[in-house]
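*Asks:* what follows is a predicted protein model with its sequence.
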Amino acid sequence: MQIILLVLDLLGTLAFAVSGALVAIRRRMDIFGVLVLAIVTATGGGVLRDVIMGSLPPVTFLNPLYAGVSALTGLVVFLVMYFHPKLPQRVTAFYDWTMFLFDTLGVAAFTVDGVALAVNHGYRTNFFLMVFLGVITGVGGGVMRDILADRMPDILRKHVYALASVLGAVVTSLLIRTTLPQQTAMIAGFAAIVLLRVLAARFRWDLPKVQDRREEP
Amino acid sequence: MQIILLVLDLLGTLAFAVSGALVAIRRRMDIFGVLVLAIVTATGGGVLRDVIMGSLPPVTFLNPLYAGVSALTGLVVFLVMYFHPKLPQRVTAFYDWTMFLFDTLGVAAFTVDGVALAVNHGYRTNFFLMVFLGVITGVGGGVMRDILADRMPDILRKHVYALASVLGAVVTSLLIRTTLPQQTAMIAGFAAIVLLRVLAARFRWDLPKVQDRREEP
Amino acid sequence: MQIILLVLDLLGTLAFAVSGALVAIRRRMDIFGVLVLAIVTATGGGVLRDVIMGSLPPVTFLNPLYAGVSALTGLVVFLVMYFHPKLPQRVTAFYDWTMFLFDTLGVAAFTVDGVALAVNHGYRTNFFLMVFLGVITGVGGGVMRDILADRMPDILRKHVYALASVLGAVVTSLLIRTTLPQQTAMIAGFAAIVLLRVLAARFRWDLPKVQDRREEP
């Protein structure tokens, strides 16, 4: 399980670093802003997770691996966007699609990671904590990215964004308490999140809203 | 005192969940965004309180009661606004008044709660910590709500908002160190906050500002 | 070293309190909003630092010195701006220059403070943690100020802002592990940050950005 956790951590770190770098580039930040937002997005969820569990200092501060991978990823994204001359012309579609893909992978990896960490900390019997920690770990980095970029967090705007994280955390938490191998539970939860987000994007699933005629303040 | 603390916790949770749900609906979030903002607003102050005191994981993560009550409250608010056909036409006045009421109750309940928790943790002799923890617990959820909803926190805009929390924390902290029963101290602090905010709203009390002629950047 | 740490803490607190008060006044907050933003800006980095290191409650909550100095500083700034009749006419240049000066001093003081605290906690061998903690302590208060004031954090917009903090943290961390007196390492790191920011402002150093022709969403 340690190895799967490490793989998930690194996959989530890499994916969220890409999403942070893309938001920073779109907001016209310079190369250092791109690196900062890549690092915050990629490590934010894990730091929240460790603060909540009281594992201080958070592993992100003890081990340079996570910040290093994030910074390197942010640098690569910056260089690709900087030197690829054709990208700007068709960048909106590319941006939207890439953001969606990497953000989804990040949420899926970190949600499952949070659930597994709750189990590792001995909270296997507290189903609620497993799910809650999974969701916070899964969406935390993206929320920090959006707050720093001064826009309303995707988690509150994009349909089924947080819902996918909750569903994946529930699936992982339920299966991890059965006799199935833990890896199976984690892969199933990961797949559930990716699947729900892809289906929701493909079929434009919308959740109900309150209609009103007032002006936004 | 445990019972009063639980009552305050639940009252504050319920009130802040209403305020979070109302902000989410006004910002045109869908039902899941409404639930998320209700939970964050209602549990944010308590999570900050527990992180500051080092009681990790925070009680909100251990006990599903708080997130459960918040989600249920958010759902009820959503359904009322969704199915009540007359509300939209007169919703601004209704919204402003309801927000004020529930936000005030939330601040009052959590401020007193934070002070009492500092006492429970053995900080009865540190007057400053009691007041500071009370204020952070009291205003923390509302600040998180406003940051997520991408608007400047009420705490910095609305007259006497934070001032009321400070006053209530001081009243509670002073009285809780006397020979009065602790319940009396807590009820007095609660009443002081509600009273100050109602008076300030009724008589439009304003605090001084620096006048200037520059354009806002 | 305790004395230098205390001096740095107080210098950083004072400088960041001025910067928080100035942002609050520019955003037209009333006197209480000014005090709140002064306190948050001045104590935010230290609170983050203590949460990350697991020293809970943070020293800001145990010792009224920091919040007291911040509030008093905010009050003085407010009174000066309120009663000085000539300031409003020439306030933009004054504001920009004063903000830059105090913000730079705050970042420099708290960055070095964070590095020294990591050493005090026994992390002298973890170079990465020393630098990371220094940067978070150095820029944390300013980021909280900008998030509360609902604007994109300076750290992501202003050239070499965070870069100066990283450089200063690296200089301090490298020198503090040599046989030099710790004070020398701390003063050198402090000077490196101030120098880099002044040079960057004077010569308008810019870091590269990705150019594009899309509209900002």
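*Replies:* Nice, thanks for sending it over.

*Asks:* is the helix or strand of chain A with the lowest mean pLDDT anywhere near chain B?
*Replies:* Here the helix or strand of chain A ranked lowest by mean pLDDT, DSSP states H and E is helix A:154-157, holding a mean of 74. Yes. Helix A:154-157 is in contact with chain B by C-beta under 8 Å from any C-beta of the partner chain, via A:155, A:156, A:157. Placement of C-beta: from N, CA and C, glycine included.

*Asks:* between these, which is nearest chain B?
*Replies:* residue A:156 (4.3 Å; C-beta to the nearest C-beta).

*Asks:* in chain A, what residue lies closest to chain B?
*Replies:* Residue of chain A nearest chain B, by C-beta to the nearest C-beta: residue A:54 (3.2 Å).

*Asks:* what about the closest residue to that residue other than its chain neighbours, how many neighbours?
*Replies:* Once flanking residues are discounted, residue A:54 sits nearest to residue B:56: 3.2 Å by C-beta to C-beta, 6 or more residues apart in numbering or on different chains. Neighbourhood size, residue B:56 [other C-beta atoms under 10 Å in any protein chain shown]: 20.

*Asks:* got the contact list for residue B:56?
*Replies:* A:51, A:52, A:53, A:54, B:50 (C-beta atoms under 8 Å, 6 or more residues apart in numbering or on different chains).

*Asks:* of all pairs in these, which one is the farthest apart?
*Replies:* Pairwise distances across the contacts of residue B:56 peak at 12.1 Å for A:53 and B:50 (criterion: C-beta to C-beta).

*Asks:* hang on, the earlier thing: just give me the closest of the contacts of residue B:56 to residue A:136.
*Replies:* Closest approach to residue A:136 among those (C-beta to C-beta): residue A:52, at 6.7 Å.

*Asks:* do the helix or strand hosting that closest one and chain C meet?
*Replies:* Element membership for residue A:52, per DSSP states H and E: helix A:31-53. Yes. Contact of helix A:31-53 with chain C (C-beta under 8 Å from any C-beta) involves A:31, A:32, A:33, A:36, A:37, A:47, A:51.

*Asks:* turn those residues into a markdown table, including neighbour count.
*Replies:* Listed next are these as a markdown table, based on neighbours: other C-beta atoms under 10 Å in any protein chain shown:
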| residue | neighbour count |
| --- | --- |
| A:31 | 20 |
| A:32 | 22 |
| A:33 | 30 |
| A:36 | 28 |
| A:37 | 28 |
| A:47 | 24 |
| A:51 | 22 |
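
*Asks:* can you put those in JSON lines and add pLDDT?
*Replies:* Below are those laid out as JSON lines (pLDDT from 0 to 100):
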{"residue": "A:31", "pLDDT": "88"}
{"residue": "A:32", "pLDDT": "87"}
{"residue": "A:33", "pLDDT": "88"}
{"residue": "A:36", "pLDDT": "92"}
{"residue": "A:37", "pLDDT": "94"}
{"residue": "A:47", "pLDDT": "96"}
{"residue": "A:51", "pLDDT": "96"}
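
*Asks:* dump these to TSV, plus distance to residue C:180.
*Replies:* Formatted as TSV, the residues of helix A:31-53 next to chain C follow (distance: C-beta to C-beta, whole Å):
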residue	distance to residue C:180
A:31	32
A:32	29
A:33	33
A:36	30
A:37	35
A:47	32
A:51	34
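
*Asks:* out of the residues of helix A:154-157 next to chain B, who's the most crowded?
*Replies:* Highest neighbour count within the residues of helix A:154-157 next to chain B, by other C-beta under 10 Å: residue A:155, with 25 neighbours.

*Asks:* what sits against it?
*Replies:* Applying C-beta under 8 Å, 6+ apart to residue A:155 gives the contacts A:139, A:142, A:143, A:146, A:161, A:162, B:33, B:36.

*Asks:* name the residues contacting each of residue A:53 and residue B:50.
*Replies:* Residues touching both residue A:53 and residue B:50 by C-beta under 8 Å, 6+ apart: B:56, B:57.

*Asks:* and residue A:3, what is it in contact with?
*Replies:* Contacts of residue A:3 (C-beta under 8 Å, 6+ apart): none.

*Asks:* before we move on, what about residue A:118?
*Replies:* A:53, A:124, A:126, A:129, A:130, A:133, A:134.

*Asks:* try 10 Å this time
*Replies:* Neighbouring residues of residue A:118 by C-beta atoms under 10 Å, 6 or more residues apart in numbering or on different chains: A:49, A:52-53, A:124, A:126-134, A:137, A:169, A:172-173, A:176, B:57, B:61.

*Asks:* just the ones of these in helices?
*Replies:* Of these, the ones assigned to helices by DSSP state H are A:49, A:52-53, A:127-134, A:137, A:169, A:172-173, A:176, B:61.

*Asks:* mean confidence for stretch A:98-112?
*Replies:* For stretch A:98-112, mean pLDDT rounds to 90.

*Asks:* which residues are in contact with residue A:129?
*Replies:* Applying C-beta under 10 Å, 6+ apart, we find residue A:129 in contact with A:52-53, A:115, A:118, A:121, A:123, A:173, B:57, B:60-64.

*Asks:* let's see 6 Å
*Replies:* The contact partners of residue A:129, by C-beta atoms under 6 Å, 6 or more residues apart in numbering or on different chains, come to A:118, A:123, B:61.

*Asks:* now render those as a markdown table, adding pLDDT.
*Replies:* Below are the contacts of residue A:129 laid out as a markdown table (pLDDT from 0 to 100):
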| residue | pLDDT |
| --- | --- |
| A:118 | 94 |
| A:123 | 91 |
| B:61 | 95 |
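
*Asks:* now, which of those residues sits nearest chain C?
*Replies:* Closest to chain C, out of all of the contacts of residue A:129 and judged by C-beta to the nearest C-beta, is residue B:61, at 15.9 Å.
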